[in-house]
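Enquirer: Got a predicted structure plus its sequence, pasted below:
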Amino acid sequence: MKAIIADDEPNLAEDLRRRISTLWPGLEIAAVLHDGVAAQQALLTHNPDIAFLDIQMPGMTGLEVAQAAPKNCRIVFVTAYDEHAVTAFEQAAVDYVLKPASDERLARCVERLRQNEVMDSSALLAKLSSLLQVNSKPAPLRWIRAQLGQSVRMVAVEEICYFHSDGKYTTVMTRDAELLLRTPIKELIDQLDPAEFWQVHRGTVVNVRQIAAAHHTALGKVTLSLRERKETLSVSRSYAHLFRQM
């Protein structure tokens, strides 16, 4: 069998390719694409049996690409939408995976595909399109108001190295400052772009662009070094799979 992978985040696309190849050695990954137009062309060029499609991609969305897919091509959506939306389709024939995917969840997806379960992609596309229109999440945060001493600063989220939980508050670490945000990190996570900020510990969320390297110990522990901060960040075992390719 043959598959393609389309995700506009190259690191996530490569991680998905590597992990699927490990779980299903007999599956040929014919192409890995990073935009919707290229993904649509790959469907025509390679005629894959399976297409792993991100929903939000430049050029065309994963939904638009899937609508043009051949009937014999089974679609797996790879989505950053909240888990409640994903859970609503847990019984659906066409599968979907919440980013970043755990090993267990990806293994279930592969097993479902290997068992060749009957999948009604048109029905899921209609449901998913309707759900995303009705329950679309607000745009991710681009600016935050954080406190520095007795003053309040407006900070662009792209300038933030990482967030760290401080009880009911959240510490905001930029290149040259430590600020306080009066929002628990649990609430903050839902407002951040999951493609730009990854949770790496129960109380830590890091800007992906700030990750310089991931360091692995013989015991399987992972720590991250940052581009603009001297300290390292610990990665809990629940999120270590994000850095296997680094």
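Expert: In hand now; what should we look at? Numbering: from 1, shown residues only.

Enquirer: Quick one: residues contacting the residue located most distally from the centre of the chain.
Expert: Checked against the mean C-alpha position of the chain, the extreme residue using C-alpha atoms, centre = their mean is residue 150, at a distance of 36.7 Å. For residue 150, the contact set (C-beta atoms under 8 Å, 6 or more residues apart in numbering) is empty. For glycine as for every other residue, the C-beta is placed from the backbone atoms N, C-alpha and C.

Enquirer: Nearest residue to the middle of this structure?
Expert: When C-alpha atoms, centre = their mean is applied to the chain, the residue found nearest the centroid is residue 99 (3.2 Å).

Enquirer: So it sits against residue 13, correct?
Expert: No - applying C-beta atoms under 8 Å as the test, residue 99 and residue 13 come out as separate, 10.7 Å apart.

Enquirer: Next, show the common contact partners of the two.
Expert: Taking C-beta under 8 Å, 6+ apart as the contact criterion, no residue touches both residue 99 and residue 13.

Enquirer: Now do the buried residues in stretch 176-186.
Expert: Neighbour counts using 16 or more other C-beta atoms under 10 Å place 179, 181, 183, 185 of stretch 176-186 among the buried residues.

Enquirer: distance of the last one from residue 148?
Expert: Looking back up the chat, that one is residue 185. Applying C-beta to C-beta, to the nearest Å, one obtains 18 Å for the distance of residue 185 from residue 148.

Enquirer: and what of the first one?
Expert: As defined by C-beta to C-beta, residue 179 lies at a distance of 5 Å from residue 148.

Enquirer: how does this protein divide into domains?
Expert: Described in terms of automatic domain parsing, the domain architecture of the chain consists of the residue ranges 2-133, 143-243.

Enquirer: tell me how far the last one is from the chain's mean position?
Expert: So that's domain 143-243. In terms of C-alpha atoms, centre = their mean, to the nearest Å, the gap separating the centre of domain 143-243 from the centre of its chain is 16 Å.

Enquirer: Next: the first one.
Expert: When distances are taken as C-alpha atoms, centre = their mean, domain 2-133 is centred 13 Å away from the chain's centroid.

Enquirer: Quick one: mean pLDDT over stretch 149-157.
Expert: For stretch 149-157, the mean per-residue pLDDT is 87.

Enquirer: what's the least confident helix or strand in the protein, going by average pLDDT?
Expert: helix 83-87 (a mean of 47; mean pLDDT, DSSP states H and E).

Enquirer: need the next SSE after it, C-terminal direction.
Expert: For helix 83-87, the succeeding helix or strand toward the C-terminus, using DSSP states H and E, is strand 96-98.

Enquirer: right, and out of the buried residues of stretch 176-186, which lies closest to residue 112?
Expert: Set against residue 112, the nearest of the buried residues of stretch 176-186 by C-beta to C-beta is residue 185 (33.4 Å).

Enquirer: nearest residue to that closest one other than its sequence neighbours?
Expert: Setting aside the residues directly before and after it, residue 185 is nearest to residue 165 in space (C-beta to C-beta, 6 or more residues apart in numbering), at 4.2 Å.
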